[in-house]
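Peer 1: coords please:
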Amino acid sequence: MKKYLFILLFSFIVVLPSQAQEIFVSSSLQTDSVLVSSTINTTTTIEIATSSDEIIYNVKTDREFIVEPSIRVGLFSSKDQINFKSEIDYEIYSGNEFIGMLPGGEMVKLKYKNGKYSLVGDSLDLESDVFWRLVPTEIDGVFDLPGCKRTVYGRKRFYCSYRGVLEYRYGPKSKMPYVINELPLEDYMKGITETDNNSAEGYIKAVLVAARSYAYKNISFSPPTVKRLFDVYASTQDQLYLGYNSEKEMPRVAMFAHETAGEMVTYKNNVVTTPYFTHTNGATKDWKNSAGKKDRPWLVSVKCVYDKYKKMYGHGVGMSTHDALMRATKDDWVYVQLLKYYYSGTEVEKIY
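Peer 2: Got it, this is the predicted structure:
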């Protein structure tokens with residue numbers, strides 16, 4: 001009986017996913033020790049589908065997580081009365097003192113006059129020397145401000161629905177009562193409107209992580225004071241926050257906020273300020289040279305190839321959102337890659 005031995009020799013070349021993968025195959029057919037057919041050599045190129053996020057641009061998750069913080073957002077100030085309504089029950093506090101319950105579906109009017117706060121509805125008629133604080137009885141509570149006319153340029157609707165707590169408090173600086181929204185940081189992130197709903201995923205996520213880092217760095221973690229009633233403005237003075245209506249208008253932004261929950265930009269294990277702006281004239285500015293303040297080594301000048309021939313629009317430090325959008329759209333850059341480019345020497349870490 002003849003014995004046939006079929007031999008396959010494989011040679012593999014393993015390189016990074018961005019390059020081709022070559023496989024060398026050598027085969028021959030032998031009977032006993034006699035060669036029957038000649039050797040066949042073949043080299044083939046294959047592509048291994050591997051996420052660049054996982055290999056190079058990963059999010060670090062090895063630190064001890066903190067508890068998700070809440071953030072206080074200054075929505076607007078107004079001398080006029082404020083209307084408040086929610087479909088769920090809300091607890092009424094005068095300062096830190098519990099006063100009673102506001103039934104779901106009932107609208108109340110909040111007003112400040114001559115040093116007195118009033119709260120009036122169909123079943124309520126209250127007055128206090130200190131501010132009102134309305135707290136939801138359900139974790140996903142949403143409230144409306146009927147009659148509010150908060151809007152932004154280019155949009156034909158009012159943004160008057162928000163998650164969480166409402167605080168109605170006189171501001172010595174503005175000399176008017178301020179409407180303050182206090183809520184978990186991730187609920188705030190879902191209502192951020194710093195990008196549009198249809199852009200590349202990598203770009204939207206990069207802006208959201210930068211916005212979350214910025215917001216976190218502005219949280220005081222101390223009780224509010226007369227000089228500091230809230231952490232951030234709801235306008236572009238800090239970051240544009242339009243609340244619950246924005247979530248419904250931009251579901252991809254809300255979804256990507258959820259997918260990146262707790263992720264922030266860090267430098268040497270510390271969360272850092274991550275400014276961003278519209279576009280450069282070809283390169284971002286160095287923080288130390290532009291601000292003339294203490295050096296921030298993660299904010300150094302980098303080239304913005306897609307901003308070439310444009311004029312500087314914005315402060316110029318950190319991430320150029322136009323250049324980032326083009327890199328994500330045309331070059332398929334992922335969000336961690338974008339953030340590590342514009343914020344030099346940083347990592348993206350999950351903090352909670």
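
Peer 1: For stretch 143-160, report the contacting residues that lie outside it.
Peer 2: Taking contacts as C-beta atoms under 8 Å, 6 or more residues apart in numbering, the residues outside stretch 143-160 that touch it are 75-76, 82-86, 90, 107, 134, 136, 161-162, 166, 179, 193, 240, 242-243, 245-246. Just so you know, the C-beta spots here come from the backbone N, C-alpha and C atoms, and that holds for glycine as well.

Peer 1: Was I right to think residue 192 contacts residue 238?
Peer 2: No. Under the contact definition of C-beta atoms under 8 Å, residue 192 does not touch residue 238, with a separation of 10.5 Å.

Peer 1: the more surrounded of those two?
Peer 2: residue 192 (24 against 17; other C-beta atoms under 10 Å).

Peer 1: got the phi/psi numbers for the more buried one?
Peer 2: phi -70, psi 140 (degrees, to the nearest 10).

Peer 1: Now intersect the contacts of stretch 143-160 with the helices, please.
Peer 2: With helices identified by DSSP state H, the entries of the contacts of stretch 143-160 that belong to them are 245-246.

Peer 1: Whichever of the contacts of stretch 143-160 end up buried, select them in PyMOL.
Peer 2: Buried residues among the contacts of stretch 143-160 (16 or more other C-beta atoms under 10 Å), as a PyMOL selection:
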select buried, resi 75+76+82+83+84+85+86+90+134+136+161+162+166+179+193+240+242+243+245+246
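
Peer 1: all helices in the stretch 1-150 of the chain, in order from the N-terminus.
Peer 2: Using DSSP state H, counting those that start in this stretch, the helices assigned to the stretch 1-150 of the chain run over residues 52-55.

Peer 1: Show me where it dips below the pLDDT cut-off.
Peer 2: Using pLDDT under 70 as the threshold, the predicted model of the stretch 1-150 of the chain has low-confidence ranges 1-55.

Peer 1: Could you look up the SS state of residue 336?
Peer 2: In terms of secondary structure, residue 336 is helix; the call rests on DSSP: H, G, I helix; E, B strand; the rest coil.

Peer 1: Hmm, residue 60 and it touching each other?
Peer 2: No. Counting by C-beta under 8 Å, residue 336 does not reach residue 60; the two are 9.7 Å apart.

Peer 1: joint contacts of these two?
Peer 2: Overlap of the contact sets of residue 336 and residue 60 (by C-beta under 8 Å, 6+ apart) consists of residue 348.

Peer 1: Quick check on these two: which one has the bigger neighbour count.
Peer 2: The residue with the greater number of neighbours, taking residue 336 and residue 60 and applying other C-beta under 10 Å, is residue 336; the counts read 25 against 14.

Peer 1: Next up, the contacts around the spatially most central residue of the chain.
Peer 2: When C-alpha atoms, centre = their mean is applied to the chain, the residue found nearest the centroid is residue 208 (2.4 Å). Residues touching residue 208, when contacts are defined by C-beta under 8 Å, 6+ apart, comprise 189, 192, 194-195, 253, 256-257, 260.

Peer 1: Let's have those in JSON lines, adding pLDDT, secondary structure and distance to residue 287.
Peer 2: Supplementary listing: the contacts of residue 208 in JSON lines, determined by pLDDT from 0 to 100; DSSP: H, G, I helix; E, B strand; the rest coil; distance: C-beta to C-beta, whole Å:
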{"residue": "189", "pLDDT": "98", "secondary structure": "helix", "distance to residue 287": "25"}
{"residue": "192", "pLDDT": "96", "secondary structure": "strand", "distance to residue 287": "23"}
{"residue": "194", "pLDDT": "94", "secondary structure": "coil", "distance to residue 287": "20"}
{"residue": "195", "pLDDT": "94", "secondary structure": "coil", "distance to residue 287": "23"}
{"residue": "253", "pLDDT": "98", "secondary structure": "helix", "distance to residue 287": "28"}
{"residue": "256", "pLDDT": "99", "secondary structure": "helix", "distance to residue 287": "27"}
{"residue": "257", "pLDDT": "98", "secondary structure": "helix", "distance to residue 287": "27"}
{"residue": "260", "pLDDT": "99", "secondary structure": "coil", "distance to residue 287": "24"}
